[in-house]
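K.L.:
Here is a sequence together with a model predicted from it:
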Amino acid sequence: MKTSLEVEYWVVDDDGELVPAGELLDVSAQVDPEFVEPMIEIKTTPCSSMAELRAEFREQIATVVDAARERGKRLVPLATPLSAAPSELPYRNKRGTALQRQIVGPAFDDARFCAGTHLHFERSDVVSQLNALTALDPAFALVNSSSHYRGERILECARPYLYRRSCYEACPEQGQLWPYVDTVDEWERRLDAAYDGFRERAIERGVDPDDFDEEFDPYDAVWTPVRLRKAMPTVEWRSPDTALPSQILRLAEAVRSIVTAADARGTAVVDVDSPVGGGNGGEVPLPAFGTVEDVTDAAIRDGIADPIVERYLRRFGFEPSAYDPLADRHPDSRLTSRRAKRLRLRAAARLEADLDRERPRIRA
């Protein structure tokens, strides 16, 4: 099953100040601008194996990190910039972003404080892939990289709260986790309904219908944690924060293994606490969707420190102790702008050290 990664990183200068990505966007065709100036997205091509994905992902990041250092810049693997005012995160001049702000409302601005990881799987048994990734949603707690927003500690996992509960609170079908489906047609009917509702809201808020139709189609008018991508075409898992490359790759390998099993065997919703790898080779057991929602809420609130979250993830074969969430390295107190800058630079240094441990292997 071909797999690819897209990971967003903040760009700072040597003082920890957020700065525009600028010429870093020209370093590689696999570096894309994001919708705020001090953020870039580094992506891989579809890879047939984890070894291939690991090598390409690390090589791409190393290339951009080296180019950044030559220009007095650093890449920061944090889900939020910890403490930043909206003025420090100017939007790029992008029509779709302006329309989203008009449609969603003021809360949409919270999305610009969020940096995440997107894992793409080549479509196969799409229903099983969608449902398995939905059940794996709480695994974002394993790579949680920020608990702070504008200097305040808000919850253990700040990004999923800001993105889902705050930004898209008024438009839940656009940004919150959807239930399991039985068929692809069911997913697409839901997609069409979400699109129609979003379009109706847009017109109510003064958006010209032709402008809306030119910018959005059903596949590109949802930003849910799990979604189908038509253009690629893939099943996309958007739940995790940005994080250190080693942590992202550890999570990607575990998730890919589960999705591969689901693709081969199918899935079934069960009420028992069956491990994914258990049974006699039958369908991969998934918990009821209500359970997924409850555990996701607990993960946002308390991360992997919550015993319910830990047990849930162990059931799927994750080993929480193998992960080192960067958010755990930050103080629980309020952060001044100065301290946030220092913490960004520490995170940038950890990213560079993480890459350096693997550089001989990359070059080989």
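P.N.:
Thanks, I have the structure now.
K.L.:
how far does the lengthiest strand in the chain sit from the chain's center?
P.N.:
Using DSSP state E, we find that the single longest strand of the chain is strand 3-13. Chain-centre distance of strand 3-13: 10 Å, with CA atoms, centre = their mean, to the nearest Å.
K.L.:
Show me the contact partners of whatever helix or strand comes next after it.
P.N.:
Counting by DSSP states H and E, the next helix or strand C-terminal to strand 3-13 is strand 31-33. Identification of contacts with strand 31-33 by CB atoms under 8 Å, 6 or more residues apart in numbering yields 21, 24, 25, 40, 41, 42, 43, 60, 64, 92. For glycine as for every other residue, the C-beta is placed from the backbone atoms N, C-alpha and C.
K.L.:
Including pLDDT, distance to residue 218 and neighbour count, could those residues go into CSV?
P.N.:
CSV is the format used below for these (pLDDT from 0 to 100; distance: CB to CB, whole Å; neighbours: other CB atoms under 10 Å):
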residue, pLDDT, distance to residue 218, neighbour count
21, 96, 30, 26
24, 97, 33, 22
25, 96, 29, 16
40, 98, 28, 24
41, 98, 23, 21
42, 98, 28, 24
43, 97, 23, 19
60, 97, 31, 21
64, 98, 33, 23
92, 89, 24, 13
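K.L.:
Sort out for me which of these are in helices.
P.N.:
Those of the contacts of strand 31-33 mapping onto helices are 60, 64, per DSSP state H.
K.L.:
where along the stretch 151-300 of the chain do the helices fall?
P.N.:
Here the stretch 151-300 of the chain has its helices, by DSSP state H, counting those that start in this stretch, at 158-160, 172-175, 184-204, 209-215, 245-265, 289-302.
K.L.:
ok now do the residue lying closest to residue 218 once chain neighbours are set aside, which residues does it touch?
P.N.:
Nearest residue to residue 218, sequence neighbours excluded (CB to CB, 6 or more residues apart in numbering): residue 195, at 3.9 Å. Residue 195 makes contact with 216, 217, 218, 221, 222, according to CB under 8 Å, 6+ apart.
K.L.:
what about the first one, neighbour count?
P.N.:
Summarising burial for residue 216: neighbours were counted as other CB atoms under 10 Å, giving 20.
K.L.:
quick one, what contacts it?
P.N.:
Contacts for residue 216 (CB under 8 Å, 6+ apart) come out as 96, 99, 195, 198, 199.
K.L.:
cool, and the last one?
P.N.:
Listed by CB under 8 Å, 6+ apart, the contact partners of residue 222 are 173, 174, 175, 191, 194, 195.
K.L.:
my guess is the third one meets residue 166, correct?
P.N.:
Yep, that's residue 175 we're talking about. No. The pair residue 175 / residue 166 is not scored as a contact, 9.6 Å apart, by CB atoms under 8 Å.
K.L.:
so which two of the contacts of strand 31-33 are the farthest from each other?
P.N.:
Maximum pairwise distance among the contacts of strand 31-33 (CB to CB): 21.3 Å, between 60 and 92.
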